[in-house]
Every structure is written in structure tokens, then in C-alpha cells.
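Asks: next comes the sequence, and after it the predicted model I'd like to discuss.
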Amino acid sequence: MVTDSGQAKILDFGLAKLLEDDHADQRAGQDHAEITELGIPYGTATYAAPEQARGERADHRSDIFSTGVLLYEMLTGIWAFQGKTVIDVRHQVLYGTPKPLAVMRRDPVPPQLQQIIDKALAKEPKDRYQKISQMRDDLRGVLQQIAGAQVMPGDTYAPTHADGSPVKRA
């Protein structure tokens, strides 16, 4: 989703993949039951924090976990926690550890990137980043290290004309 100010927001990490798979299965005439179990979308289970998998209350640190899962997926091309069923995936979320980035990638990545993912994917919320801004700052530091230059500030603003009036969408 894109807000009126032009900021992109991720609404549900698993929904797009789930819908894409659902449409592909329907075209192929396949039953989609294996992707859901107990009424829970399979894709969503792969991004759920351990406290969510246990049925406990989620908070902003659950979103930090999900962000770590998404970052892992972006860097490796696979889900951090996998299984044949939702129950298997939940078990991996609760007790499993994703393979290190160095094992999953041909090209090297800064060790700090693995540390960021490990912290975001901590099983207990108290062991994760307590604020997403802390994770952002650590990621920005890795980007600066890789780029060897200044990274743009984190705040984004809607584009404006020279006179300060907002740019209207086409």
C-alpha cells in the first residue's frame, strides 16, 4: 500500500504469495487445502513470531521478527522457517534456526548483517530489537560500510514544488 504522502507500507508479508499460489492452483485445477491448515494461511505462518505461534499477544517486537524473516528471505530467496504443513512451520519458528547467510549465498555478506537478522529473529521478544528504529540504524550502518558513503536519512517526505506546494499524483 502507498499512503497519501507517498510512503510504501507492507501490510501482510504472506498474503501476496498466498494469493499468487491460490490463483495458480485454481488455474491448474488443484486443491489449495495443503496451503491452509486449521484456517491459517501457510504464508502468514512463515512470518509469524514465536509468541504468535504460541497464541500469545503480539506487539511491535512481533513485527520486528517478521521484518527479520522478510530480510532473510530477501537475502536468500527462501523462507527462514519452512515445513510441509503449518504445524511444521510453527515448530520451526518456535525451535528452529535458519541457516546462516554465508551458507545460503555465494557472495559474502558483512557479518553485521547476520547479527542484525539473528537479533530480529530472537525467539524471545526481550532479546530482539526493542524499536524498529534500532534495527534501521544498524542496517543503515551496514549500508554505509558496503557503499563506503553516506546513506540518505531515514525520514521520507512527499515531493513538493519549488514554492512548497505538494506535487499532485497523475
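Replies: All right, it came through fine.

Asks: need the helices for the chain, in chain order.
Replies: Taking DSSP state H as the test, the helices found in the chain are 15-28, 42-45, 50-53, 60-76, 86-95, 101-104, 111-120, 132-147.

Asks: for K126, which of these is the nearest?
Replies: helix 60-76 (8.1 Å; CB to CB). In this view, the C-beta of every residue, glycine as well, is placed from N, C-alpha and C.

Asks: quick one: list the elements packing against that closest one.
Replies: For helix 60-76, the contact count by 3 or more CB pairs under 8 Å, 6 or more residues apart in numbering; DSSP states H and E identifies helix 50-53, helix 101-104, helix 111-120, helix 132-147 as packing neighbours.

Asks: most packed of the helices of the chain?
Replies: Of all these, helix 42-45 has the most neighbours on average by mean count of other CB atoms under 10 Å, namely a mean of 22.

Asks: hang on, the earlier thing: relative to Q7, which of the helices of the chain is closest?
Replies: Nearest to Q7, of all these, is helix 132-147, at 13.9 Å by CB to CB.

Asks: what is the mean pLDDT for the closest one?
Replies: Averaged across helix 132-147, the pLDDT comes to 94.

Asks: returning to what we had before: turn the helices of the chain into TSV, columns for distance to Q7.
Replies: As requested, those are exported to TSV (distance: least, CB to CB, whole Å):
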stretch	distance to Q7
helix 15-28	18
helix 42-45	23
helix 50-53	25
helix 60-76	16
helix 86-95	29
helix 101-104	28
helix 111-120	21
helix 132-147	14
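
Asks: done for today, thanks.
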